[in-house]
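Undergrad: pasted the sequence and its predicted model underneath.
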Protein chains: 2
Amino acid sequence: MRRRPERQTRLEDVAKAAGVSRSTASRVISGSGPASPTARERVHSAARLLGYRPDQAARSLVNGSGFRVTLAVVGTTAQVLDDPYVHRAVAAAALTATSYDVGVSLQWVPRDAPRLDRLLADRTVRGVVVLNTTEAALRSVPPTVRGRVASVGIGSRTVPSFDVDNGGGAAAVLRHLYATGRRRIAMVTGPAWLPCAQRPVKAYRDLMRAAGLPVRLVSGDFTAAGGRRAAGTILARWPEVDAVFGINDAAALGVLAALRAAGRQVPEDVAVAGFDDVEAAGLSDPGLTTATNPVEQIISSAVGAVLGETWVPPTTVFPSALVRRASA
Amino acid sequence: MRRRPERQTRLEDVAKAAGVSRSTASRVISGSGPASPTARERVHSAARLLGYRPDQAARSLVNGSGFRVTLAVVGTTAQVLDDPYVHRAVAAAALTATSYDVGVSLQWVPRDAPRLDRLLADRTVRGVVVLNTTEAALRSVPPTVRGRVASVGIGSRTVPSFDVDNGGGAAAVLRHLYATGRRRIAMVTGPAWLPCAQRPVKAYRDLMRAAGLPVRLVSGDFTAAGGRRAAGTILARWPEVDAVFGINDAAALGVLAALRAAGRQVPEDVAVAGFDDVEAAGLSDPGLTTATNPVEQIISSAVGAVLGETWVPPTTVFPSALVRRASA
DNA sequence: CCCATACCTGGGAGCGCTACCACCACAAGC
DNA sequence: GCTTGTGGTGGTAGCGCTCCCAGGTATGGG
């Protein structure tokens, strides 16, 4: 009488059915050692017959490393819920991981407690990709496990990092606004603590200074709701604006909606442009002028890097290209 | 000389530092047994001092159950990448899981190989929430583990299921179109194999029949791109159409963009309505009339159910309410 | 013919943790 | 006084898997 009649088939069952030892079965299943063709074949067919699935927990325990990568998204609740860019990143991570045959975990990390070391304590995760973090948080990662971490959205010297050239992309958008005659250009920023939100602001400041134009900055939070509020502030403070650059498409789409609600014509009265080229940017009316952000490529590079599957230079910056639509 | 000088602190280290046995330390840390106040205090402070983190792999191994829930998204690549509804579901799962102090895994499951049993073989996962699946796939789940599975988007009798009343919501939208004088109403459907995509279609057929109106169905795939294509088909086949109901907002927004591109005025010439009430529906011009889909509630109920934290009736249907905006 | 060099195999230990059980002290009851 | 508890404790046995190593059987050379 067995104590637990309904248990998962384990390696020992397979070995017994195949008439070999656990060791041999293990070698065949994990493909990590010699085994005769006959043994190989018998183990495989026994495993198939019994519907054997290796227990990942046990494997992780003995290997000291797991079969999952964690995508850690740092930010506020609203931003995680509402930014389409985050969505693309998450979806890209899921698809990339599936193609590498590993799992993905998603972890929301509140902005004020970026405990990255905690994520790595779990030996069932092989690597962590951090979205939107700070250099300080990355430095909290123990040096021994830095090879298992990659960051997206910050050019870090601490861990391999992958990012779009959002300074360059922002500059391209702003030059376009200037080239089409806009001179009273406002910008909606993102969370100030985020490096990837600082570079476009710097690009904006630099270009305004170079052109001898006044700076009109309003803070946002990467969300459409934030963009709406920012547009209200802009119209109140600088009713003369003839262009608004949103730090991301979500913000820009919020601005677009708010301007429309306020009776401004886009692009006739005010031009609007964003960044990221999310799908919604192509669906709005007018279509949103923006700059590309190859998230899928970025995420898949980062996942490949933490898995150690692909060699990567310590810092990779992907180019961003202007996408002209009707809004600017 | 230790063989691995840099290893994670384990329970034994904590026990030694606290001057108690592993057993006592384990009881204190996991809070699953008696321990004297002094022992409790000494173990806790030792753990804090040494930065102890329980190894989840080992815990899963011995407990036979893990600390994560998996959100399995069934669908095509395009749908996973582009449907904002999926994004909301994923984000909701991440936030809910964080609040229960468990992890979330994300698993993309190709439509043609819904191997749900495989997901459950991993004992590091405590439960699985399946998004958009079929009754057949759910029946492939072994009865012994059905308590660890919940489904979203299908009223299943096999496992606990959580869904919005999309039949009722669709009917509300369609009645609104009818009430505002529309009579030549077309509908863009979703993937036909999906139960949650069948109910709105049934609602549409029923209402059209009851009103003695002709049925105009075009198939889509839950994406904006699919909605665009469908709108093209509709205009070619039934140029007289005066309303289009998209099975979800993504499709409806695609329709909206395509109609605009074709020179039709919305809502003057053609009314457009969707379903889900995603954020983008409030940002489009005109705002998209739609019906609510409380994904966050649905997902958090489903996660609670697979964790066994909340008791739930076998099938829960959340109400859907009409949201009137300018498009219809 | 015997020994060397492969290749293959199975036993055993152990990854870090918790469940179980036996044990000890001490208190309360007859 | 002895028994019957009771709360606290530590040893031990695994969970399922992979590694290491000793031992085995075929094949080659001397």
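TA: In hand now; what should we look at?

Undergrad: from here on, just use CA atoms for contacts and neighbour counts.
TA: Fine.

Undergrad: who are the contact partners of A:Glu135?
TA: If a contact means C-alpha atoms under 8 Å, 6 or more residues apart in numbering or on different chains, then A:Glu135 has A:154, A:156, A:158 as its contacts.

Undergrad: distance of it from B:Val80?
TA: 31 Å (C-alpha to C-alpha, to the nearest Å).

Undergrad: list the buried residues of the lowest-mean-pLDDT helix or strand in chain A.
TA: Ranked by mean pLDDT, DSSP states H and E, the weakest helix or strand in chain A is helix A:116-121, scoring a mean of 74. Using 16 or more other C-alpha atoms under 10 Å in any protein chain shown as the test for burial, helix A:116-121 gives A:116-117, A:119-121.

Undergrad: in chain A, what residue is nearest chain B?
TA: Closest approach between chain A and chain B, counting by C-alpha to the nearest C-alpha: A:Ser105, at 4.0 Å.

Undergrad: circling back: of the contacts of A:Glu135, which are in range of chain B?
TA: By C-alpha under 8 Å from any C-alpha of the partner chain, no member of the contacts of A:Glu135 lies near chain B.

Undergrad: out of those residues, who's nearest B:Gly190?
TA: A:Ile154 (38.8 Å; C-alpha to C-alpha).

Undergrad: report the contact partners of A:Leu131.
TA: A:71-74, A:151-153.

Undergrad: run through the bridge partners of it.
TA: Listed by DSSP bridges, the beta-bridge partners for A:Leu131 are A:Val73, A:Val152.

Undergrad: so for it, what's the pLDDT?
TA: On the pLDDT scale, A:Leu131 is placed at 90.

Undergrad: do A:Ala35 as well
TA: The model's pLDDT for A:Ala35 equals 89.

Undergrad: in three-state terms, label it for me.
TA: Under DSSP: H, G, I helix; E, B strand; the rest coil, the three-state class of A:Ala35 is coil.

Undergrad: residue nearest the centroid of chain A?
TA: A:Ala89 (3.9 Å; C-alpha atoms, centre = their mean).

Undergrad: name the nearest residue to that one, sequence neighbours excluded.
TA: Nearest residue to A:Ala89, sequence neighbours excluded (C-alpha to C-alpha, 6 or more residues apart in numbering or on different chains): A:Val295, at 5.9 Å.

Undergrad: ditto for A:Pro214
TA: Nearest one to A:Pro214, counting by C-alpha to C-alpha, 6+ apart, is A:Met208 at 6.4 Å.

Undergrad: hmm, who's touching the host helix or strand of the one you found?
TA: A:Met208 is part of helix A:195-211, with elements assigned from DSSP states H and E. The contact list for helix A:195-211, computed with C-alpha under 8 Å, 6+ apart, reads A:132-134, A:153-154, A:166-171, A:174, A:187, A:189-192, A:214-215, A:247.

Undergrad: quick one: the least confident helix or strand of chain A near DNA strand C?
TA: No - contact between helix A:116-121 and DNA strand C is absent, the nearest approach being 9.8 Å (criterion: C-alpha under 7 Å from any atom of the strand).

Undergrad: what sits up against that helix?
TA: A:70, A:127-128, A:137-138, A:140-142, A:145, B:8, B:53, B:55.
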